[in-house]
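S.K.: Sequence and predicted model, in that order:
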Amino acid sequence: MIRLTLDEAHNLSLSILRHAGFSEAQAQAVTATVLAGERDGCASHGLYRVLGCVSSLKAGKVVADAEPEVIDQAPSIVRVDARGGFSQLAFQAGLPVLAEKTRANGIAALAINRCVHFSALWVEIEQLTEAGLVALACNPSHAWVAPAGGSKPIFGTNPIAFGWPRAGKHPFIFDFATSAIARGDIELHRRAGKSIPEGWGIDASGQPSTDAEAVMNGAMLTFGGHKGSALAAMVELIAGPLIGDLTSAESLAYDAGSKSSPYHGELIIALDPQRFLGAAADQHLARAEALFDGIEGQGARLPSQRRYDARARSLVDGVQIPQALYDDLKALLS
């Protein structure tokens, strides 16, 4: 392992993306996201993802200097055309309009179209909770996941994220794939030569497997059987056809074997407690704290608590990444 300060990690990502040919705006937006992942102990969505950003560019599957276009779709809907660039910059472009529409109407949606997407959703959700808004986000990916009872990939990992603001405390946020595990975690096991737990996936013949390579060439599984499968289908629909964008199967077809990051859309919905509750907002938000106290009071952990703990450590000690990953990243600068 090699230890980096957060500044060193930031500069490493930014220098690689600039060297690869990404515009300053794209490079800064992506770096902010991968740094957040590494800082919060989410290695599968940290600096490792820079490798995929560069390989996607080399494959011609991302537009290095894309400038998002913001479209005022309806009183409570804003659309952002990412124009083939990464989702991060498109989200940044749409966030102020989404927040404005949410405060005006109580609820609003941001649809991001034609974006290349690789990142965790909690990074975006946290920006909405910081603005005092409740938020929900989801997106398809590539068709890597078999439906419950099936053996062929049709769903993406199809994450769902939710955030609830808390006065004076870290927000309540969860962000999980509807697959049993994120694709990046299987890839990290493959890179490390480690077996994966049973239940994460099946091989190309439909048999359960603990071999990461075999599962990546076969199919991942949903969590919770038919329940996860149904949620994955919902994400395909509301973050695909509903917003005029690709399903996971269509994204994989577009990829044409290049093994680039997925290309599709993303749906973010925001709600304003102040508009829902008016003068009683603070009273009812305070009531919500009883729920969190009830969870933690019996020794259970709130979602994202491990991230927040890792963040506190990283702010003091920096981050550690495998030497092999560091070497692969540095090689991109040669």
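M.R.: Cool, got the structure.
S.K.: Check the offset of the host helix or strand of residue 310 from the chain's centre.
M.R.: Using DSSP states H and E, residue 310 sits within helix 305-317. Here helix 305-317 is found 19 Å from its chain centre; the criterion is C-alpha atoms, centre = their mean, to the nearest Å.
S.K.: Please name every helix or strand in contact with it.
M.R.: Helix 305-317 sits against helix 24-39, with contacts defined as 3 or more C-beta pairs under 8 Å, 6 or more residues apart in numbering; DSSP states H and E. (C-beta placed from N, C-alpha, C; glycine too.)
S.K.: can I get the CA coordinates of the helix it packs on in PDB?
M.R.: Extracted in PDB, the C-alpha atoms of helix 24-39 (Å, rounded to 0.1, in the frame of the first residue of the first chain):
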ATOM      1  CA  GLU A  24     -10.400  21.500 -17.200                       C
ATOM      2  CA  ALA A  25     -14.100  21.500 -16.300                       C
ATOM      3  CA  GLN A  26     -14.500  17.800 -16.900                       C
ATOM      4  CA  ALA A  27     -11.300  17.000 -15.200                       C
ATOM      5  CA  GLN A  28     -12.200  19.000 -12.100                       C
ATOM      6  CA  ALA A  29     -15.700  17.600 -11.800                       C
ATOM      7  CA  VAL A  30     -14.500  14.000 -12.100                       C
ATOM      8  CA  THR A  31     -11.600  14.500  -9.700                       C
ATOM      9  CA  ALA A  32     -13.900  15.900  -7.100                       C
ATOM     10  CA  THR A  33     -16.000  12.800  -7.300                       C
ATOM     11  CA  VAL A  34     -13.200  10.200  -7.200                       C
ATOM     12  CA  LEU A  35     -11.500  12.100  -4.400                       C
ATOM     13  CA  ALA A  36     -14.700  12.000  -2.400                       C
ATOM     14  CA  GLY A  37     -14.900   8.200  -2.900                       C
ATOM     15  CA  GLU A  38     -11.300   7.600  -1.900                       C
ATOM     16  CA  ARG A  39     -11.600  10.000   1.100                       C
END
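S.K.: now it and helix 305-317, what's the angle there?
M.R.: Interaxial angle of helix 24-39 relative to helix 305-317 (axes from the mean of the first three to the mean of the last three C-alpha atoms, to 10 degrees): 100 degrees.
S.K.: Any stretches of the stretch 101-250 of the chain with poor pLDDT?
M.R.: Residue ranges of the stretch 101-250 of the chain with pLDDT under 70: none are present.
S.K.: Spell out for me which residue occupies the centre of this structure.
M.R.: By C-alpha atoms, centre = their mean, the chain has its centre lying nearest to residue 120, at 2.0 Å.
S.K.: Looks like that residue contacts residue 175 (just checking).
M.R.: Yes - Residue 120 is within contact range of residue 175, at 5.7 Å (criterion: C-beta atoms under 8 Å).
S.K.: Need the residues touching each of the two.
M.R.: Listed as contacting both residue 120 and residue 175 by C-beta atoms under 8 Å, 6 or more residues apart in numbering are 159, 161.
S.K.: List the buried residues in the helix holding residue 310.
M.R.: Going by neighbour count (16 or more other C-beta atoms under 10 Å), the buried part of helix 305-317 is 307, 310, 314.
S.K.: Paired strands for the helix or strand following it, with orientation please.
M.R.: Next along the chain after helix 305-317, taking DSSP H and E as the criterion, comes strand 319-321. Strand pairing for strand 319-321, using DSSP bridges, gives strand 2-4 (antiparallel).
S.K.: thinking again about what came up before, now do the contacts for the residue nearest to the centre of the chain.
M.R.: Contacts of residue 120 by C-beta under 8 Å, 6+ apart are 33, 37, 42, 45, 159, 161, 175.
S.K.: Stretch 90-102: how far from the chain's middle?
M.R.: For stretch 90-102, the distance to the chain centre is 17 Å (C-alpha atoms, centre = their mean).
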